[in-house]
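Student: just to be clear, the model below is a prediction. Sequence and coordinates:
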Amino acid sequence: MKQDPTIASDTAILSRFTARNTGAFWLAKALMLIAGCFAGQVSGYAHAQSSDTIEDHTADIESAKDSLAKIRVAINSGDFSSAEPLMTEQGANEVAIWVTSFSMLLTDPEIGKNYPEEFDSVRDALKPVLAEHGLDLELKSLGADAVPKTLEILDKDGQRWKIIGQLWEANKTAPMELILVRGPVERSAYAEDSVFLQIARQAEGESKKFDAGAAPSVAKFINEEGVWKFNGIDGEKTASLKRVHERKMAQMPPKLTSPAFAGETADGDAVTFQQYEGKVVVIDFWGTWCSPCLAKLPALEKIRAAFKPHGFEIVGFASDSAEDLAAFLKEHPLSWRNVVDNGKFKLQFGVKAYPTLFLVNQSGQHVASNLELDKLIDAIANALKLPTEDFADLKAEVAEMMAGVPH
């Protein structure tokens with residue numbers, strides 16, 4: 001079976017993960033496979049028909065929706081082979097990789113320990129299935145061969161959909177969505193001889209804890225021999241939609257009436273907001289399981305180092321158990337203190353998605369939420385009454401660090 005270009009691009013990405021040789025950041029970017037951020041740079045999402053498709057394509061859109069509905073029925077029943085005729089080779093490969101890569105990540109001895117305890121029962125159910133089919137591999141050691149090797153194993157003896165069905169059954173109780181086409185269609189468009197369906201992250205009637213606030217995906221359907229087939233998640237349009245979604249979140253930030261808190265670190269040390277009085281503070285809600293959260297950490301370290309001498313600090317709230325947070329920080333130390341959050345502070349601060357960053361000034365007043373990092377640097381400088389132009393190099397360095405990272 002030939003390797004499609006979308007998955008080939010992820011192979012190159014995985015190669016770069018491994019070159020970093022840092023478990024946390026490898027995990028952060030490997031999870032792009034699950035997030036559906038396949039391929040390339042961000043470009044605009046055509047919400048309406050392109051100018052050269054003035055004729056009515058309602059029938060095409062409805063046919064694509066009908067194919068999607070049939071795919072959902074097959075997936076929900078675990079009968080993936082029935083969905084295959086409604087998918088192109090690329091679409092079928094993506095579905096297979098979504099399920100398999102997450103299963104391998106969760107059970108990987110190095111990476112899997114970063115997941116919270118809600119995934120423990122799923123991991124236990126997955127291990128024997130992966131072992132039975134020779135998929136109990138350490139992904140980090142595979143490097144650039146992770147995707148092609150996985151597909152090769154799946155297709156041995158024509159067992160792909162049987163294996164995927166078994167993995168899907170074991171994954172059903174996972175508190176995050178693995179298959180990005182099960183949610184309701186929110187918008188649709190016809191452009192460039194294709195149908196694009198914007199699909200909500202969570203399936204109807206389900207509530208996945210770790211998908212709260214997640215952006216929708218854009219599924220592409222193409223017509224092959226009169227049948228509208230799923231051709232995969234459009235990486236550029238989904239990434240563009242994700243950025244729009246996050247900008248909306250920034251414009252409608254969680255309402256922070258008071259930053260006061262009293263919590264404990266993983267080591268049991270008390271942390272209160274009073275300890276930060278008189279400082280400009282970034283409050284970072286994150287989790288060791290959250291790939292965009294992990295991707296931001298190196299940039300936040302740079303920002304803290306630049307502003308700390310001027311009266312700036314960061315305090316983190318990690319949505320993890322004390323044990324998981326301690327294990328993570330032992331391998332990947334952070335220079336600021338992190339409070340263990342069992343959900344109490346998430347509710348107190350009105351957090352609906354991860355990561356969420358609040359900026360608070362010296363008087364304890366809420367300044368902004370969820371700013372892009374370049375704008376966060378300017379906002380910190382303004383709060384500290386420092387010239388923003390003095391931090392142009394910092395902004396350039398942070399931009400380079402975050403290049404190509406979903407954030």
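Tutor: Nice, I can see it.

Student: nearest residue to Gly78 other than its sequence neighbours?
Tutor: Nearest residue to Gly78, sequence neighbours excluded (CB to CB, 6 or more residues apart in numbering): Gly165, at 4.6 Å. No exception for glycine: its C-beta is placed from N, CA and C like everyone else's.

Student: domains for the protein, by residue range?
Tutor: Listed by automatic domain parsing, the domain ranges of the chain are 5-247, 255-402.

Student: now the longest one: mean pLDDT?
Tutor: For domain 5-247, the mean pLDDT works out to 77.

Student: and what of the last one?
Tutor: In this model, domain 255-402 carries a mean pLDDT of 91.

Student: the helices in the stretch 101-250 of the chain, which residues?
Tutor: Under the criterion DSSP state H, counting those that start in this stretch, helices of the stretch 101-250 of the chain are mapped to 120-132, 139-142, 146-155, 160-171, 235-251.

Student: what packs against the third one?
Tutor: Helix 146-155 sits against helix 5-20, helix 89-107, helix 160-171, with contacts defined as 3 or more CB pairs under 8 Å, 6 or more residues apart in numbering; DSSP states H and E.

Student: can you give me the strands in the protein?
Tutor: Under the criterion DSSP state E, the chain contains strands at 185-191, 194-199, 217-224, 227-233, 262-264, 270-272, 280-286, 312-318, 337-340, 356-360, 366-369.

Student: closest to Val73 out of these?
Tutor: Counting by CB to CB, Val73 lies closest to strand 227-233 out of those; the figure is 13.4 Å.

Student: for my notes, please list the domains of the chain in a markdown table and give mean neighbour count for each entry.
Tutor: Shown next, in a markdown table, are the domains of the chain (neighbours: other CB atoms under 10 Å):
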| stretch | mean neighbour count |
| --- | --- |
| domain 5-247 | 18 |
| domain 255-402 | 18 |
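
Student: ok so, going back, is it true that the residue nearest to Gly78 touches Ser77?
Tutor: No. Checked against CB atoms under 8 Å, the pair Gly165 and Ser77 is beyond contact range at 9.1 Å.

Student: overlap in contacts, those two.
Tutor: Contact criterion CB atoms under 8 Å, 6 or more residues apart in numbering; residues shared by Gly165 and Ser77: none found.

Student: follow-up on the earlier one: closest to Leu86 out of the strands of the chain?
Tutor: Closest to Leu86 of those is strand 227-233 (CB to CB; 5.6 Å).

Student: tell me what angle that closest one forms with strand 217-224.
Tutor: Orientation check (axes from the mean of the first three to the mean of the last three CA atoms, to 10 degrees): strand 227-233 against strand 217-224 gives 140 degrees.

Student: mind giving me the packing neighbours of strand 227-233?
Tutor: helix 58-76, helix 89-107, strand 217-224.

Student: helix 58-76 and that strand, what's the angle between them?
Tutor: With the same axes, to 10 degrees applied, the angle from strand 227-233 to helix 58-76 works out at 70 degrees.

Student: contacts only, for Val282.
Tutor: 300, 303, 312-315, 357-360, 376, 380.

Student: confirm for me that Ala219 is in contact with Val181.
Tutor: Yes. The pair Ala219 / Val181 is scored as a contact, 5.5 Å apart, by CB under 8 Å.

Student: joint contacts of those two?
Tutor: 68, 199, 230.

Student: just the closest of the residues you listed to Gly158, please.
Tutor: Distance to Gly158 across those (CB to CB) is lowest for Phe230, with 20.8 Å.

Student: isn't that closest one up against Ala219?
Tutor: Yes. With contacts counted by CB under 8 Å, Phe230 reaches Ala219, the gap being 6.2 Å.
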